[in-house]
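Engineer: Fold the following and give me the result.
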Amino acid sequence: MKIRWFPYQLADAKAMEAELNRLAAEGWKLKWLRLDLACFRRSGRRDLRYAVEPRPICYSDQDQAAWDQADRDYIQLCADAGWEAALTTRLFRIFTSIPGRSPAPLQTDDALYFESKWDRQLRATAISSLWDPFARLLPLLVIGWLDQMHLWMFLSSPGAILLSVTLLFFLLLNLFRSLSLFHTWRQFRQCVEQGEELPVSSPAAVRLRGVAGSAVWLLILLFLFLSLSLGSGQRTWQYGDPGAAQQMAAQPVLRPEDLGLVSSSAQSLSLERSPFLFKVSALTFAQDGPDIDTLRYEARWPWLAEIIARDLMKDITRNRSHRSGLYTAQVGFVPLAAPGLDAAWTAPAERGHQILVFQAGTVAARITAPLDLTEPEMLAVIQARLLGMDAMR
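Structural biologist: Sure thing, here's the model as predicted:
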């Protein structure tokens with residue numbers, strides 16, 4: 001028994017048939033075919049031959065009972081011609097010659113062969129290769145839309161970036177496969193129209209495609225493993241954690257101390273960094289005073305910061321916040337003219353709080369506090385704390 005790499009795809013049926021017949025002449029018989037691996041064992045036969053066709057498919061516009069009967073009739077015709085249906089895989093139906101018989105060729109008319117076995121099969125498989133990835137990703141996209149995710153969130157951490165690259169490779173692989181099948185279908189049709197024999201892939205071309213496909217899949221699996229290993233890369237300090245106050249002082253967030261208040265031990269801080277975004281999220285409480293909620297993004301480019309700032313407003317107006325959801329705007333945001341800020345908006349929130357969203361260069365931030373965040377002195381403190389530190393450097 002031996003196992004061989006067998007990277008034959010749908011369009012390579014005739015090349016696979018030639019390879020099986022070559023191995024049969026050496027005394028090997030196919031035992032199973034799974035995941036581009038083929039297992040062979042000694043046959044003890046000198047007259048073994050193979051015929052390979054695309055696996056038949058019953059389409060949605062066909063009657064299942066009539067199709068089943070037609071398929072049984074076809075298998076019987078093949079048996080009468082000396083062929084036995086030995087193995088059916090995901091892509092192929094494989095026939096072997098009946099011992100002691102000299103089987104006639106399964107197909108002698110290329111035009112009829114193309115129309116009955118290849119035409120619709122190639123087109124349907126090409127469309128399926130193109131549509132299936134989007135159909136599988138559609139539930140995730142719907143969940144993301146319902147959860148108000150934004151595309152820039154895929155840049156928020158190394159794990160998210162690698163996951164985005166993995167999905168992109170997956171979509172490109174299926175796009176290439178679909179275009180290749182359409183090309184084969186067009187090539188087959190042209191040969192039939194010109195009265196030429198259907199082309200047969202060379203073993204070198206089959207192996208080259210197999211190597212390229214395997215390399216891409218290994219790359220996808222590697223990226224997926226790395227994205228899961230890296231995760232969000234988030235560092236978090238919760239209430240009472242040692243070092244939380246020192247970290248809070250070192251990060252560009254608004255603290256009670258910045259407003260002349262005494263900070264309590266109830267505070268939390270999380271940091272998330274990628275090559276494109278640096279996110280700081282903090283919630284602090286003053287002793288017998290207000291709570292201050294800060295969410296700050298520093299982007300690699302100003303245009304990305306502008307998009308984030310507008311999305312931070314959308315999250316609030318939709319009654320949801322990606323960070324905590326503690327407060328929702330009671331009315332729409334109104335623009336605020338503030339020196340040193342490219343754009344700013346404010347809105348009143350629940351329990352007497354006010355929300356300030358702004359964008360300045362590569363920084364986008366949202367602050368929620370039970371204070372008048374539009375006062376010039378308050379804006380000066382906010383800019384000093386949130387814009388005075390270049391976190392991306």
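
Engineer: partner residues bridging T96?
Structural biologist: Y50, E84 (DSSP bridges).

Engineer: Run a quick check on it versus R49, I expect a contact.
Structural biologist: Yes - shown here, T96 and R49 form a contact pair, counting by Cβ atoms under 8 Å, at 7.2 Å. All C-beta spots, glycine's among them, are computed from the backbone N, C-alpha and C.

Engineer: Averaged over its residues, which helix or strand of this structure has the lowest pLDDT?
Structural biologist: The helix or strand of the chain with the lowest confidence, counting by mean pLDDT, DSSP states H and E, is helix 119-146 at a mean of 77.

Engineer: quick one: buried residues of that helix?
Structural biologist: 121-122, 125-126, 128-130, 133 (16 or more other Cβ atoms under 10 Å).

Engineer: where do the helices sit along the stretch 201-350 of the chain?
Structural biologist: 203-230, 244-250, 302-317 (DSSP state H, counting those that start in this stretch).

Engineer: before we move on, the earlier item: please identify which of T96 and R49 sits among more neighbours.
Structural biologist: T96 (22 against 19; other Cβ atoms under 10 Å).

Engineer: Who are the contact partners of the more buried one?
Structural biologist: By Cβ atoms under 8 Å, 6 or more residues apart in numbering, the contact list for T96 reads 29, 48-50, 83-84, 86.

Engineer: okay, now L106: neighbour count?
Structural biologist: L106: 18 surrounding residues under other Cβ under 10 Å.

Engineer: tell me the SS of it?
Structural biologist: Here L106 takes the coil state, with states given by DSSP: H, G, I helix; E, B strand; the rest coil.

Engineer: Could you check how far it is from F114?
Structural biologist: Distance, L106 to F114, by Cβ to Cβ, to the nearest Å: 14 Å.

Engineer: Sticking with the residue nearest to D132 when sequence neighbours are not counted, tell me its helix or strand.
Structural biologist: Among residues not flanking D132 along the chain, N174 sits closest, at 7.0 Å (Cβ to Cβ, 6 or more residues apart in numbering). Using DSSP states H and E, N174 falls within helix 158-193.

Engineer: re the thing from before, deepest-packed of the helices of the stretch 201-350 of the chain, please.
Structural biologist: Of the helices of the stretch 201-350 of the chain, the one with the most neighbours on average (mean count of other Cβ atoms under 10 Å) is helix 302-317, at a mean of 19.

Engineer: Against which helices or strands is that one packed?
Structural biologist: The contact analysis (3 or more Cβ pairs under 8 Å, 6 or more residues apart in numbering; DSSP states H and E) places helix 302-317 against strand 291-299, strand 343-348, strand 354-360, strand 363-369.

Engineer: Not counting that helix itself, show me its contacts.
Structural biologist: Helix 302-317 has contacts (Cβ under 8 Å, 6+ apart) with 148, 150, 152, 155, 276-277, 295, 297-299, 321-322, 327-329, 332-333, 342-343, 345, 347, 349, 355, 357-366.

Engineer: Pull out the buried members of the residues you listed.
Structural biologist: 150, 152, 155, 276-277, 295, 297-299, 321-322, 327-329, 333, 343, 345, 347, 349, 355, 357-366.

Engineer: Helix, strand or coil: sort out E53 for me.
Structural biologist: E53 carries the three-state label strand when classified by three-state DSSP.

Engineer: From one end of stretch 239-259 to the other, what's the distance?
Structural biologist: 21 Å (Cα to Cα, to the nearest Å).
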